[in-house]
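**Student:** Have a look; sequence and predicted model below, questions after that.
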Amino acid sequence: MDTRSLLRTTGIVIAAGGLLLSGCTSGGSEAASGSASGAASASPSPVPAALRPYYEQKLTWRECGVAGFQCSTMKAPLDYADPGTPDSAKAIDIAVSRRVATGPGKRLGSLVVNPGGPGGSGIGYLQAYAGIGYPAGVRAQYDMVSFDPRGVERSSPVECLSGPEMDRFTQVDQTPDDTAERARLVTAFKEFAAGCQKKAQRVLPHVSTVEAARDMDLLRSVLGDEKLNYVGASYGTFLGATYADLFPGRVGRLVLDGAMDPSRPALELNRDQTAGFETAFRSFAKDCASQPDCPLGQGDPDAVAERLKEFFAKLDAQPIPSGDSVRPLGESLATTGVIAALYDESAWPQLRTSLTDAMNGDGAGLLALADSYYERAPDGKYANLMAANAAVNCLDQPPAFSGPEAVDAALPSFQKASPVFGAGLAWASLNCAYWPVKATGSAKPLAAKGAAPIVVVGTTRDPATPYKWAQGLAAQLDSGTLLTYDGDGHTAYGRGSDCVDTAINRYLLQGAPPPKNKRC
């Protein structure tokens, strides 16, 4: 998988709080037209006086080393309850990038995009994929814009562990077989949390999705747009839905692709996602068994799954060489590598090859897939995806589990959801139990009452955001419209379905949402 493919398809929603993952100008764009004609919309609420200095700031754009793109820095309050002013110590920097609309056609303002995570770099996604890979008609009429949410990459990033510490962390046994292995896993979670507290104490209590959504309204204003036009993938759908619920009168054209269901608590989200990876794996297993080079042999998906479980068990007992002397391929890294490839069916051939090599004693291919998932560079440095992911997830909801005993009680349901991945994903959900900052959010439905039409997209065999989540979000939103893609992989827009792309492009360019319950 090349970088663009990964950025397109792995708007990762990592198991909540889990061990797995993943020349200057200034001014704004022409105001967006907002909703489809005739659609009712809530009136925008006034900006609080204390926040006006932030809403009235001017962005100064500069070249930023990537041809065709400009970058800027927006100021946002660290704490919206005590905002201070943009030039005070109470402000934080939010990194922003854009590619100006190329024309022809009427300018429709800005289209803000988010790849998910939480923890995914919006700027990286924009510059490597969305700003050059979105349909030409969309790029012609919108300024393509993204930002790194607070706590992510260039925006006051959360840091927790060094590269070597992350290497050790990602190798910790996620399926503990005895008391000693359970203790090591708990210790790893505690050390991760302590590292975050030590290195990111100032920002750690203020990286919630609600705060990121409020930052997005600041961005809308300083871009010069009356309404927010937005495409969010994976976790980006939760960010977008949260925005719509906070600011329904400022909703323009919102696409929420690979949707999350905000009404489901952390335990249910993690168990649902476990079942989603099982569904995706069974699709892979069926395809693999039909290929002459399938390393897991022929037979039905159950037989293929059993062979993968047996291979993971062997790696648990004895890791194999990977080409990295300090990171042999054990069960944890191998599992992550397999999961990474399940996000996009175009990676299935690579997964077959990597599994074949690993079963012959060479773990380099699966290790490379795991590294792509964790955003580990060849020099051993990690992007802050894992740190930001945990920081946001653990703040947005109370922990899925209070301790190892709670995991024990839930293990049967996770293993039922996925015989292959259930145990590992259950234990991965323990991380937030040791988080140093108490959760400020909770699971609840988001209605965005009075908002303009919002398009919610669900893929029937999506591994990371199960289809029922899209159904749930579309039903909760007062103006939600569900667009279904009957297919494999994570998210649907820009992944090869002309039906999906045509429906979304029409909505973005003309304001007309797809008909109710449209299926592609």
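**Tutor:** Good, I have the coordinates. Predicted model, so just to flag it, every value in this text is computed and none were measured.

**Student:** tell me which residues of the longest helix along the chain are tucked away?
**Tutor:** If you go by DSSP state H, the chain has its longest helix at helix 266-289. By neighbour count with 16 or more other C-beta atoms under 10 Å, helix 266-289 contains the buried residues 266-267, 269-285, 287-289. Glycine gets a C-beta too; all of them are placed from N, C-alpha and C.

**Student:** With stretch 321-331 instead?
**Tutor:** Of the residues in stretch 321-331, those buried (16+ other C-beta under 10 Å) are 322, 327-331.

**Student:** with those in mind, which one is nearest to V172?
**Tutor:** Compare each of the buried residues of stretch 321-331 with V172 using C-beta to C-beta and the shortest gap goes to G330, at 9.4 Å.

**Student:** can you tell me the distance between the two ends of stretch 284-301?
**Tutor:** Looking at stretch 284-301, the gap from its leading to its trailing residue is 9 Å under the measure C-alpha to C-alpha, to the nearest Å.

**Student:** got a list of contacts for it?
**Tutor:** 281-282, 303-305, 307-308, 311, 341-342, 345, 348, 351-353, 355-356, 359 (C-beta atoms under 8 Å, 6 or more residues apart in numbering).

**Student:** Among those residues, name the buried ones.
**Tutor:** Among those, the ones that count as buried (16+ other C-beta under 10 Å) are 281-282, 304-305, 307-308, 311, 341-342, 345, 348, 351-352, 355, 359.

**Student:** C-terminal to the helix or strand bottoming out on mean pLDDT in the chain, what's the next element?
**Tutor:** Least confident helix or strand of the chain, by mean pLDDT, DSSP states H and E, is strand 25-26 with a mean of 27. Helices and strands here follow DSSP states H and E; after strand 25-26, the next one along the chain is helix 52-55.

**Student:** Quick check: buried residues in that next one?
**Tutor:** Applying a neighbour-count criterion of 16+ other C-beta under 10 Å, one finds 53-54 buried in helix 52-55.

**Student:** can you list contacts of it?
**Tutor:** For helix 52-55, the surrounding residues in contact (C-beta under 8 Å, 6+ apart) are 47, 75-77, 83, 85-86, 91, 218, 221-222.

**Student:** Any idea which of these the model trusts least?
**Tutor:** Confidence by pLDDT is poorest for V47 among the contacts of helix 52-55, given 91.

**Student:** Kindly tell me how buried that one is, as a neighbour count.
**Tutor:** The criterion is other C-beta atoms under 10 Å. On that basis, V47 has 14 neighbouring residues.

**Student:** how near is the residue lying closest to D272 once chain neighbours are set aside to T459?
**Tutor:** If the residues on either side of it in the chain are set aside, D272 comes closest to P466, at 5.1 Å by C-beta to C-beta, 6 or more residues apart in numbering. Here P466 is placed at a distance of 9 Å from T459 (C-beta to C-beta, to the nearest Å).

**Student:** Check M166 too.
**Tutor:** When distances are taken as C-beta to C-beta, M166 and T459 turn out to be 30 Å apart.

**Student:** next one: L269
**Tutor:** Spatial separation of L269 from T459 under the definition C-beta to C-beta is 17 Å.

**Student:** tell me how far the longest helix of the chain is from the chain's mean position?
**Tutor:** On the basis of C-alpha atoms, centre = their mean, to the nearest Å, helix 266-289 is displaced by 17 Å from the centre of the chain it belongs to.

**Student:** same thing with stretch 450-463?
**Tutor:** Stretch 450-463 has its C-alpha centroid displaced from the chain centroid by 15 Å (C-alpha atoms, centre = their mean).

**Student:** Export it to CSV, keeping only CA atoms.
**Tutor:** Output in CSV follows, covering the C-alpha atoms of stretch 450-463 (Å, rounded to 0.1, in the frame of the first residue of the first chain):
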residue,chain,number,x,y,z
GLY,A,450,-32.5,22.0,12.8
ALA,A,451,-29.3,21.4,10.8
ALA,A,452,-29.3,21.3,7.0
PRO,A,453,-29.3,17.8,5.4
ILE,A,454,-26.3,15.6,6.5
VAL,A,455,-25.1,12.6,4.5
VAL,A,456,-24.1,9.6,6.6
VAL,A,457,-22.2,6.9,4.7
GLY,A,458,-21.9,3.3,5.8
THR,A,459,-20.0,0.3,4.2
THR,A,460,-21.6,-3.1,4.9
ARG,A,461,-18.4,-4.9,5.6
ASP,A,462,-16.4,-2.1,7.1
PRO,A,463,-13.8,-3.5,9.6
